[in-house]
Each structure stands twice: as structure tokens, then as C-alpha cells.
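[1] Okay, here's the prediction I keep looking at, along with the sequence it came from:
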Amino acid sequence: MIEVNGISKSFLVAKRPSGLWHAVKSVFHREYTTVEAIKDISFTIPAGEIVGYIGPNGAGKSTTIKIMSGILVPDHGTCSIMGYTPWEDRTLYVKNIGVVFGQRTQLWWDVPVMDSYELLRDIYKIPEHSYKATLELLIETLDLSEIIHTPVRQLSLGQRMRCEIGASLLHSPDILFLDEPTIGLDAVSKIAVRQFIQRINKERGITIILTTHDMNDIEALAERILLIGKGTLLYDGNIQGLRGKFGTRRTITAEYQDYDQPLHLPEVSILSTTANRAILSVDTELTNVSDVISQLANQVQLMDVTIQAQPIEDIIVQMYKEYQL
Ligand SMILES: Nc1ncnc2c1ncn2[C@@H]1O[C@H](COP(=O)(O)OP(=O)(O)OP(=O)(O)O)[C@@H](O)[C@H]1O
């Protein structure tokens, strides 16, 4: 459904020197540098998949999404989405996609949300019967009935985001690009947005490309992760693969009867200890968890032990470090 092949994109950026003399000089002679935003990116995405597109700030995520949604033209490479080249067949192509940029709005600021929706209906030439049916469904599933007649500027961020997602789905697209859809939302709204994304993917088979810095979004939603760093694709696989490759640490929390001697646990990082509790970090590539617990049991009277896998957030930080991002 989506085939991206060797796309690259550079931007020519004017150097802005500091100091008055240099600023005056640059009016007559401007120097430029080239920023390579993405380099030779390739991937394919089958219909119905949810893909998390992740990477640190400035990695090239938005540039890729802009190329895939037809806003930018790459310098090299090809991109075929549902048979369209996004930047060439834009008018026909946009009928098949929905785009939500969490930091920007596609709704008219001063008018009620409903008026924006009706304008979008006209822009996309959505037939009245299917518009009504979709609208009803969106009002119900995104809980819009209380807010749809309110001007956008009076909405909270979470309410606006629900309306934005609704707007992007009015024309029943097959593909949805979501750029930071949960940014700035409270915990309850984040969960509501995630559940909705999951639901439209499951029930309507919409393919979703999600960029986010929120690893909980990724854990909740993405079956597959594409990791980009400094414009290059570094990892393409699932979360389990990521854990296997980078998430080798486990945290052991042990509760025991009061013990006032130092613990002897070779190859283990002791994160904290009190008289009756220790938090340990174990690298499973160096030693295994059961050995650590039996060493511990030889020294203290254990009451309770919990073992936690490394949080996905830590794994990502480790990956960024490993790739020097
Ligand atoms: N219009 C532009 N003009 C000049 N440089 C740009 C432009 N758009 C992006 N860049 C540069 O390209 C690189 C990639 O930017 P991009 O916005 O794609 O990153 P990103 O991964 O989306 O980052 P973030 O997580 O911060 O949103 C950055 O170095 C950025 O400064």
C-alpha cells in the first residue's frame, strides 16, 4: 500500500551571522548551508498496519510525513501510496489520506467546529449521506456533541485534538498520518485518543503512521517501529525485537526482613538499599535474574520480589546513545 524508496531531502538554509557588521555584509552576500533532513529512506507499509515513526528532535520525521502527504517534494527517490505519487497527484491523492499535526490546527479558529467540518465537506466534495453517517459516528465515538458548536479558540487542547482527529476522518480516508496526536494532553485524554486510534484501525482497517515522542503511545499502539536518526532509518521492527536488542536490563525490587550488612552481588548495580528493601539493576547479558535472586536469598530473609522489564523509554534512550543521536 505504501512504498517509499530511497527518498532524500535537503534544505538550503541561509547562515545568519551574529554581530552588526556580519548582518550588514549578509544583506549583499548571503552564505548558505545545506541541511540533509532525510537520506535514502526506504520502507513499505501494508494496509491496516499501525506504524510508529520515532526519532529525536530534528531526525527527519516531519519531513518524511510531509513528503508522504504530498506537501514536500523529495530531491531523490520514489514514493507510491495506493498507486499515487503524493506530490504529483495531490488532488486525487488527498481524498485517501487524513493528516493531523498535533501542534497545528486544520480548523478555523474563530468559527464553531461544525462550520469547519461543513467547509471540509465542501472541499472534499463528500456526498451528503456519507457525510451525515460519518459525522454521526465521529460525534458518538469522539464524544463531540458538547463541543461541536463551540468556536475552536474556546476549546481546551484535549477537546481540540478530538475535533482535529474528527476533521481528518470526515472524508473516510484509508490512511491517517498523525504527528504528535497526544502532545500536551492529560492522562485521561491521551488514553481516549489512543483508544480511538486503535478502534478506527481495528474496525475500519485504516492504516496509521504515527510520529510521537511519547513512548506510551508507541507501546499502546504501534505493532511496528521505524526509528530515524540524523535523517537515516536505523531500525525497522517490532517492540519485542527492540527489547531483545537493547532492553537487556531488568529491575529487581526485593523486600526482606531487616538486614544491616552490605549486600554482595557481583555484576549487579545496586540502585538503592534500606534495612529491608533493595532495588537492583541486572544486565541479563552478564548475569541471569534467577542467579541474582538466589544470591540474595543466601544473604537475607526474602519476603517479596518483583521483576520489571526495562521501560521502553529507557530502551529508546539507550538506542539513541548507541547510535550517537
Ligand atoms: N523548511 C525547512 N527549512 C530548512 N530546514 C528544515 C526545514 N524543515 C526541516 N528542516 C531541517 O531538517 C531537519 C529535520 O527536520 P524535521 O522537522 O523533519 O525533524 P523531526 O524529526 O520532525 O523533528 P521534531 O521531533 O523536532 O519535530 C532538521 O535539521 C530541520 O532543521
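    Thanks, I have it. This one's a predicted model, so the numbers in the text were calculated from it and none came from an experiment.

[2] interface residues of the stretch 51-200 of the chain facing the ligand?
    55, 57, 58, 59, 60, 61, 62, 63 (C-beta under 6 Å from any ligand atom). From N, CA and C alone the C-beta is placed, and that goes for glycine too.

[3] Quick check: the farthest pair among those residues?
    Pairwise distances across these peak at 12.5 Å for 57 and 63 (criterion: C-beta to C-beta).

[4] do you know how far the nearest residue to residue 199 once chain neighbours are set aside is from the ligand?
    Among residues not flanking residue 199 along the chain, residue 141 sits closest, at 6.8 Å (C-beta to C-beta, 6 or more residues apart in numbering). The gap separating residue 141 from the ligand is 28 Å, by C-beta to the nearest ligand atom, to the nearest Å.

[5] Wait, residue 141 touches residue 197, no?
    No: using C-beta atoms under 8 Å as the test, residue 141 is too far from residue 197 to be in contact (11.1 Å).

[6] Those two: which has the busier surroundings?
    For residue 141 versus residue 197, neighbours defined as other C-beta atoms under 10 Å are more numerous around residue 197 (22 against 18).

[7] secondary structure element for the more buried one?
    Residue 197 is located in helix 187-204, with elements delineated by DSSP states H and E.

[8] Check which helices and strands that helix is in contact with.
    If contacts are counted by 3 or more C-beta pairs under 8 Å, 6 or more residues apart in numbering; DSSP states H and E, helix 187-204 sits against strand 50-54, helix 157-169, strand 207-211, helix 215-221.

[9] Given the very next helix or strand once past the last one, what are its sheet partners and their directions?
    The one in question is helix 215-221. Later in the chain than helix 215-221, the nearest helix or strand by DSSP H and E is strand 224-229. Here strand 224-229 has these sheet partners by DSSP bridges: strand 50-54 (parallel), strand 232-237 (antiparallel).

[10] Residues in contact with the helix holding residue 197: which ones?
    By C-beta atoms under 8 Å, 6 or more residues apart in numbering, the residues outside helix 187-204 that reach it are 48, 50, 141-143, 157-158, 161-162, 165, 169, 172, 176, 178, 181-182, 185, 206-208, 210, 214, 216-217, 220-221.

[11] Got the domain ranges for this structure?
    As assigned by automatic domain parsing, the chain contains the domains 44-243, 248-309.

[12] and these, which is most packed in?
    Comparing the domains of the chain by mean neighbour count (mean count of other C-beta atoms under 10 Å), domain 44-243 ranks first with a mean of 18.

[13] From start to finish, how long is it in a straight line?
    22 Å (C-alpha to C-alpha, to the nearest Å).

[14] roughly how far apart are residue 71 and residue 63?
    10 Å (C-beta to C-beta, to the nearest Å).

[15] Can you name every helix or strand that the helix or strand harbouring residue 242 contacts?
    For residue 242, the enclosing helix or strand under DSSP H and E is helix 239-246. Helices and strands touching helix 239-246, by 3+ C-beta pairs under 8 Å, 6+ apart, are helix 312-322.

[16] quick check, the helix it packs on touching the ligand?
    No: on the criterion C-beta under 6 Å from any ligand atom, helix 312-322 is out of touch with the ligand, staying 12.3 Å away.

[17] tell me which residues in that helix are buried?
    312, 315, 316, 317, 318, 319, 320 (16 or more other C-beta atoms under 10 Å).

[18] Return the helix or strand in this protein with minimum mean pLDDT.
    Here the helix or strand of the chain ranked lowest by mean pLDDT, DSSP states H and E is helix 20-28, holding a mean of 75.

[19] quick one: contacts for the residue nearest to the spatial centre of the chain?
    By C-alpha atoms, centre = their mean, the chain has its centre lying nearest to residue 212, at 2.2 Å. Contacts of residue 212 were listed using C-beta under 8 Å, 6+ apart, and they are 52, 54, 178, 180, 181, 182, 183, 218.

[20] Can you tell me which of those is nearest the ligand?
    residue 180 (7.6 Å; C-beta to the nearest ligand atom).

[21] correct me, but the closest one touches residue 164?
    No: Residue 180 lies out of contact with residue 164 (C-beta under 8 Å); the separation is 11.2 Å.

[22] Overlap in contacts, the two.
    Jointly contacting residue 180 and residue 164 under the rule C-beta under 8 Å, 6+ apart are residue 102.

[23] show me where pLDDT drops low in the stretch 1-150 of the chain?
    Scanning the stretch 1-150 of the chain for pLDDT under 70 picks out 17.
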